[in-house]
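Enquirer: Got a sequence here, can you model it:
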Amino acid sequence: MTIKKLLTYTTVITTIVWSVGLFALPLSVGAAVSGDLIKLQCATGAGVNDACKAVYYLGGDGKRYVFPDEKTYKTWYSDFSGVMIVSSTEMSAYPIGGNVTYRPGVKMVKITTDPKVYAVSANGTLHWVTTEELAVALYGTAWATMVQDVSDAFFVNYTVGSDIDAAADYDRDAQTADATSVNVDKGLAGGGSSSGTGLTVALASDTPASMLAICTAIRVPFTKVNLTASADGDVIVDSLIVERAGIASDANLGSVAIIDANTNVQVGLNQNLNSSHRANFNNDITIPAGTTRSLILAGNMNPSTATDCTSGAGNVPALSLVSVTPKGNVAVIGSFPVTGNYQTINAVTIGQVTVQRGAFSNATSTTVKVGQLGYVFASYKISANSTENQKVKQLKLYNAGTASLSTDLENFKVYKGNVTQVPVTVTIDGKYITLDFSNNPIEIEKGKNEEFTVKADVVGGSTRTVKFVIYRTTDIIAQGTSYGQSRVAAYTGTGTGGTGEVLSDNQFTISQGTLRVDSNSTAVGSQNVAFGDGQVLGAWSFVVAGEPVQITQLVLANSSTTADSEQFDNVKLVDGNGTTLMGPSSSLTSGSVTFSETVELPVGTTVVKVVADMETQNSDEDFAAGATFYWQITPTSITATGANTNETITATPSAAVTAATQTFKGAVLAITRNALPVNGNVVLGQQDFKFGSWTFDTTASGEDIRVTVIKVGNRVATTTNVDNLTLYDMSKTSQSVCLADYPNASYDSYGCAIETEDGSSGTSTFTLSDPMVVTKNTQRIVELRGDVRTTAATYVGHKDEFMLFVTGTAGDVITARGVITNNTVTPTGTGVTGQTGAVTTIVAAGTLTVNTAASTNNSLVAANSTIELDRLKLTATNEDIDVEELALCVGDPSDTNGSETGDADDITEFKVYKATDMTNPLITGSVGSGNTCRTFTLVKGTLVVPKDSSAGVELVIKGTLADIGTGLPGLAGADVNVGIGGTDGIKGTGKASSTTVTDTYTASTSSLFKLVMGYPKVTLNTLPSSTGLSNGSIVADFTISNPSPNPIAIYRVSFAQVTSTDANIGVTKAKLVVQSDGSKTVGAEATCDTEATALSFRYQSATTSDCLDVDGSTVSYYAFVLQDEDDATRTRRAYRIGGNNGSARFQVVATEVTGADATADGQVAFYLSGDNATTSAPALIGVENVSHHYGALDQGNFVWSDLWTNDAWDSNSGNATASAQWWNGYLVEGLSSASSTQQVIKE
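Expert: Numbers count the residues shown, from 1 in each chain. Alright, predicted model coming up:
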């Protein structure tokens, strides 16, 4: 034993004497976390000098710290109530980190061989108190009693800092307040600090109500508290103190626990009550800024004998939060103690589970590989006793091994019976893992059991171990279904009886790391390559897991077994950043090269690329155009060892892993003329007009191509009529990208302008200030733009045709070389060999065309409504056209259906929109009373029609219809349409030519709109039944709705009945009812008619005199006058339908059916009849336009009114008989001029 070891051992033994032997108190048992006091379990009869007596502080760095003596300990702790027992396995996992020093500010120290007295600051830093006066100022007149001797052996734990020459040099209280723990004092990991300034503590509104606390139950909820951090930063709680209150004994509680209410996960360990009835919790609890964290103070009731339960029954304990200590300068807001409701202890017997190792436990292994997926690390059989069913909700495990639960293992899963995965919430806290499935508990019937397995993926940790143990009896949570409380589980069988833990599984050692080689075609894909140095020819991914891997040999092979250094020289392997890993080598022989350098690859994925010089010997040994090859690595040829374990690692897979195939190509540049622009016109003065466009293509090239000169010829021009010819590289889509490749270029709205030359009627030569490099396997579009001169007399009619072709060869047109080889490249393709370009003819100005964009049916429109009246489509040729004037006109289409003449008074306001922007109108206004048209002036640039666009600009014309009535501008029955009034209705100026353009007017007139107060809309409904024709059958079903705001009235509806070829079948009598009004009859029973009569009108020609016809296919007719007649005056009252989408559902009911014999081979069809424009006499708006005149004149299948002149509804109003306000069915939506769709019913 070395002197150093002897000294340490002696120190620890010294510690033992005072640490436990003299101050024995109840100790916690379990696995520890940072900030805990820990010791070993002592065997019966252990002496005071036994190693099990030593108490250590567990630091945030995972090391344990020694208290040199009792005096040092007492500056930090008043007793030993917080000391917990850990296993020897766990204790050995924590190396010694050093000695604990005095807590700052509590005492002063000195050594016997030096009279100086020192004050202590953070991390054992000593400050000489230079005078007695300063000692009095800092520690009072009894300062001498505050001085303690430190032995010379331990004085080396301290460092000497600056002297104290004034009282202001040392703040005793601040020093103590800042040293909240040994972690903080020594600056160990995990100490943390609050950034917020306030913490509010309050009793939660949903704190547990008073209930029974069964004396053998665990995790009984007593109190729920809310901790709320201020919005200015996170708050870290350093410690909590919980106190037992109420009429009870401390013995009623085995221990106290704090549970996170949101996750159901316990915070820290169970803590015992001390002599002050209090339990101290020292685990850091972080509350994020502006949030609330809810904690439950729970009691683990004393799970002792039934006798003890009986003696405690009836006691009513409570748990109070009496203190919260945050880290840092944080104000605690709240009233203490915070006490929940009292719980009454009851001695009822509740169910219990027994836990033992399960059937799926793996045997102890030392070869668990990194990369192993779903490995079973723990297996448990959980049995319910015969008292009640049990719901298993949570497993809490501790890793007594050395592997990290956070970095070495991942993807933890729980399975029932090793088959069914259980959804779990995983919480990892250091060496603890909580697997909570409270939301999906597994129920075990009483007297039965279930198997549980815990699986995880191994992602690292070579040589480290995994050994899951259940440390505390309360770590398995199972809740009885009868009483809703949990009881301490019983543990039995193999793995029980260990030191500290209650049940352990086997230990597993993670073996050495792994190396896998994958092809990586993303880093380097299949491509064309050419002769040249530094060619990147393939890539792989080297995937390392578990530990870094050292490679000392690797064989790289080429698919060509005859390849050697005459084809590939300076072969090397580089990483993704281009850093050389192995090579370069000129020893390629018979298609392979062996690297013997040492390279270490870290855990993770490293991209490895092969780089080589492709050589040419100008002989038949050179690669031929189109030849292919690839590089490959056979992983088993790699010699590798683990950097940590020094164990041999066999790379996988065993088969060769090939990189992407490479194709040898020469330097190739193909140029083609693009489809656009096409032959067309350009106006005088057009700036930046596109005369040509070409694609520079290197997809067949083995290397990048550098272009330095481009010549453009004008084949048909006889005079120079274009200036500022400019080449654009269209691949550069931003100014930064443009200038990065072409420092002398400029960037405008058309793209990256790389060179400009004067126009010419012959050849323009562009010597590029910055060469254009076309990367291999890409395409580059080059455009030619120029400015057209403005003199009309000189240039109108002239033509230009630009092309990449001049007299001579293609090499004269484009000067290009390979970037790697610097070999001259002669372009190919129709772009340089063809003798055509887009022929452009100069014209004076553009043309504007106007047409309707969509056709609509003539329709009824309601007064005061705003509707779409028209859509126009504007298109331009030759140049963009700025529309400056637009006329709006109102016309009268002269309809014959009793209409009035419409005019501008019938539309009170117009709004014109672009179809792409229906929010901001271009025009708002009216035509004006007495006017037919009005021209509106548009702000320049408001309405620009793009040239040569088939979509053009679509305009939407909306209008608000006038109101109808006395003194109001609208005229009932007025017919109107709108448009722009022909070629004079629009004026535009060319954007390029700045001259007024020619208009081509096709059409602009809208459909007809008839102005009414309101109008009906007809919709056919599905018949309730389409079979079983008999008396009472519904043979027609329809709804009349009113989308306008004003009421309407319906006077008459008519039907045509068409029977099938089945003889003698038909409806001979029927009535009309309003289904939506209690099936009230509004059309009296009528007999079918085949002739025109006054009250049973039909305008179709009759061919028979009978409703039924022996030869079948008979047509007959019904007309119903909708009337609620006054019995005394017989004044008709048509059926009224209210506005704002009011509606009524009508049905025609057969009251007499003839010929139905239930054979289902006969049928009848009913058609709701409409009207056409000629089925009412002219000028019926006058005196004859009353409802009954439609019958007298044999006109009007469908008669309705908008009640514009008389909407009275009493029996003497004369509404129907005297008011000229009735219309036929022309323009009614849902009716055609002949009939509606048939509705068919079979027998």
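Enquirer: need the helices for this structure, in chain order.
Expert: Remark: helices assigned in the chain by DSSP state H are 3-19, 70-74, 88-93, 132-139, 152-155, 172-178, 182-186, 306-312, 735-741, 792-795, 810-813, 830-833, 1187-1192, 1215-1218.
Enquirer: what residues are up against the residue most central in space within the chain?
Expert: The chain has residue 425 as the residue nearest its centroid, 22.7 Å off, counting by CA atoms, centre = their mean. Contact analysis of residue 425 by CB atoms under 8 Å, 6 or more residues apart in numbering lists 263, 435-437. C-beta coordinates here come from the backbone N, C-alpha and C atoms, glycine included.
Enquirer: ok, of these, which come out buried?
Expert: With burial judged by 16 or more other CB atoms under 10 Å, the buried subset of the contacts of residue 425 is 435-437.
Enquirer: What residues sit buried inside stretch 675-682?
Expert: For stretch 675-682, by 16+ other CB under 10 Å, it's 677, 681-682.
Enquirer: quick one: which of those sit in strands?
Expert: 681-682 (DSSP state E).
Enquirer: Relative to residue 63, which of the buried residues of stretch 675-682 is nearest.
Expert: Of all the buried residues of stretch 675-682, residue 63 sits closest to residue 677, with 77.4 Å by CB to CB.
Enquirer: Look up the closest residue to residue 950, ignoring the ones flanking it.
Expert: residue 875 (7.1 Å; CB to CB, 6 or more residues apart in numbering).
Enquirer: My read is that the one you found contacts residue 881, right?
Expert: No. The criterion here is CB atoms under 8 Å, and residue 875 misses it with residue 881 at 9.2 Å.
Enquirer: Neighbour count for the two, which is higher?
Expert: Per other CB atoms under 10 Å, whichever of residue 875 and residue 881 has more neighbours is residue 881, with 32 against 20.
Enquirer: Where do the strands of the stretch 951-1100 of the chain begin and end?
Expert: In the stretch 951-1100 of the chain, the segments counted as strands under DSSP state E, counting those that start in this stretch are 953-961, 974-979, 986-990, 998-1001, 1009-1012, 1017-1020, 1034-1042, 1048-1059, 1066-1074, 1080-1087.
Enquirer: pull the helix or strand with minimum mean pLDDT from the protein.
Expert: helix 3-19 (a mean of 32; mean pLDDT, DSSP states H and E).
Enquirer: Check the residue nearest to the centre of the chain and give its pLDDT.
Expert: Listed pLDDT for residue 425 reads 93.
Enquirer: what does the one 3 residues further on give?
Expert: According to the predicted model, the pLDDT of residue 428 comes to 91.
Enquirer: returning to what we had before: quick one, which of the strands of the stretch 951-1100 of the chain gets closest to residue 652.
Expert: strand 953-961 (64.4 Å).
Enquirer: which helices and strands sit right next to the closest one?
Expert: strand 866-877, strand 907-914 (3 or more CB pairs under 8 Å, 6 or more residues apart in numbering; DSSP states H and E).
Enquirer: mind running it again at 10 Å?
Expert: Packing partners of strand 953-961 (3 or more CB pairs under 10 Å, 6 or more residues apart in numbering; DSSP states H and E): strand 859-862, strand 866-877, strand 881-891, strand 907-914, strand 923-925, strand 974-979, strand 1009-1012.
Enquirer: rewinding a little: may I have the beta-bridge partners of the residue nearest to residue 950?
Expert: residue 849 (DSSP bridges).
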